[in-house]
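> predicted model, plus sequence, below.
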Amino acid sequence: MTARSKLTIMNSYKLISIALIGLIQACNVSTPSSVTTQSSAAPITKTATVPQSNQPTSEAQTAKRPNLPAFCNRSEYKLFFEKFVLGKDEQGNDLRAIYTADRIEVRDYDNPAQVLEVLRRQDDEFSIDLIDTRWVQLVPSSVDDSPYTRLKVDIEQTSADTFRVNYIKAQYKYTGDITGTESEEIIQTYGNPSAYIFQHQNGCWTLTQKLQSTRNVTSASPTNPDTLGLNQTALTRYFSR
């Protein structure tokens, strides 16, 4: 074998070695590239499932908030009113102050569209109390010897975001001797009817209006106990606006 032939064979071996090294390096570089591509793509799928922050909050979600009591639900308006009348919760918080609007509109009972005056929260005197499950005003009765005045109270939800409390002075008669139960019935209602309006605002019920009658009715003048003197046409017209 000549010297030229030996040199040609050696050069061929070198070229083969260089080619193999190039292939190995190419494989090492391409593998991390594919891994990197997969890992960077994974978060896109996860973030796509995150709910939008501006989605409306449902009533169920509102009820679960720790700072809103269960009686703030729209369906619990009667329970809310009972808590409101009692005045304080189990922690001693003043519920009337918390759930009364800064300004209370005083409107005409028979014509609710007419505003008589506007009261500040601190100037309002809430007129209903609860004693032994009985609705009362803490003033002596003018029709019997009771130390407080009994009331007839009707609570009705007039819309999804509004409920109304109608009340009027009443005289009751105990009928337990006849029925054998702790029962009583209304003899008469008297005086002017009044009402409170609560609206659902900021997640809970809030006292926003008072309705007062401007009729000239003497304090002992009897009223039909079933009607409370309601002007239903005026009420329907006002709340349907």
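In hand now; what should we look at? Numbers count the residues shown, from 1 in each chain.
> which residues touch the spatially closest residue to residue 84 that is not a sequence neighbour?
Excluding the flanking residues, the one nearest residue 84 by Cβ to Cβ, 6 or more residues apart in numbering is residue 95, at 5.6 Å. Quick note: C-beta positions are derived from backbone N, CA and C, even for glycine. Going by Cβ atoms under 8 Å, 6 or more residues apart in numbering, residue 95 touches 83-84, 86-89.
> put the buried members of those residues into a ChimeraX selection.
Per 16 or more other Cβ atoms under 10 Å, the buried members of the contacts of residue 95 correspond to this ChimeraX selection:
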select :83,84
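> need phi/psi at the residue nearest to residue 84.
phi -70, psi -30 (degrees, to the nearest 10).
> hmm, back to that, closest one to residue 174 out of the contacts of residue 95, please.
Checking these against residue 174 with Cβ to Cβ, the nearest one is residue 86 at 24.6 Å.
> hang on, isn't that closest one packed against residue 130?
Yes. With contacts counted by Cβ atoms under 8 Å, residue 86 reaches residue 130, the gap being 6.2 Å.
> returning to that earlier point: any idea of the pLDDT on the residue nearest to residue 84?
pLDDT for residue 95: 95.
> where are the low-confidence patches of this protein?
Within the chain, the stretches with pLDDT under 70 are 1-66, 179-180, 217-241.
> where do the strands sit along it?
100-108, 115-120, 129-131, 134-137, 149-159, 162-174, 184-201, 204-212, 222-223 (DSSP state E).
> closest to residue 76 out of those strands?
strand 204-212 (8.6 Å).
> tell me the angle of the closest one relative to strand 115-120?
For strand 204-212 against strand 115-120, the angle by axes from the mean of the first three to the mean of the last three Cα atoms, to 10 degrees is 130 degrees.
> make 52 the starting number, not 1.
Yes, from this point I'll number from 52; that puts the last item at strand 255-263.
> quick one: residue 226 and residue 237 touch, right?
No. Contact criterion Cβ under 8 Å: residue 226 and residue 237 do not qualify, at 10.6 Å.
> near residue 205, how many other residues are there?
14 (other Cβ atoms under 10 Å).
> and if you look at residue 241?
Neighbour tally, residue 241, other Cβ under 10 Å: 20.
> what residues are bridge-paired with it?
residue 220, residue 273 (DSSP bridges).
> isn't it up against residue 201?
No. Between residue 241 and residue 201 there is no contact under Cβ under 8 Å: 10.6 Å.
> what touches both of these two?
220-222.
> let's have those residues in a markdown table, adding distance to residue 249 and neighbour count.
Below are the shared contacts of residue 241 and residue 201 laid out as a markdown table (distance: Cβ to Cβ, whole Å; neighbours: other Cβ atoms under 10 Å):
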| residue | distance to residue 249 | neighbour count |
| --- | --- | --- |
| 220 | 21 | 24 |
| 221 | 22 | 24 |
| 222 | 27 | 20 |
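> now these in TSV, with distance to residue 214?
Shown next, in TSV, are those (distance: Cβ to Cβ, whole Å):
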residue	distance to residue 214
220	22
221	21
222	26
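> between those, which sits nearest residue 122?
Among those, and counting by Cβ to Cβ, the member closest to residue 122 is residue 221, at 26.0 Å.
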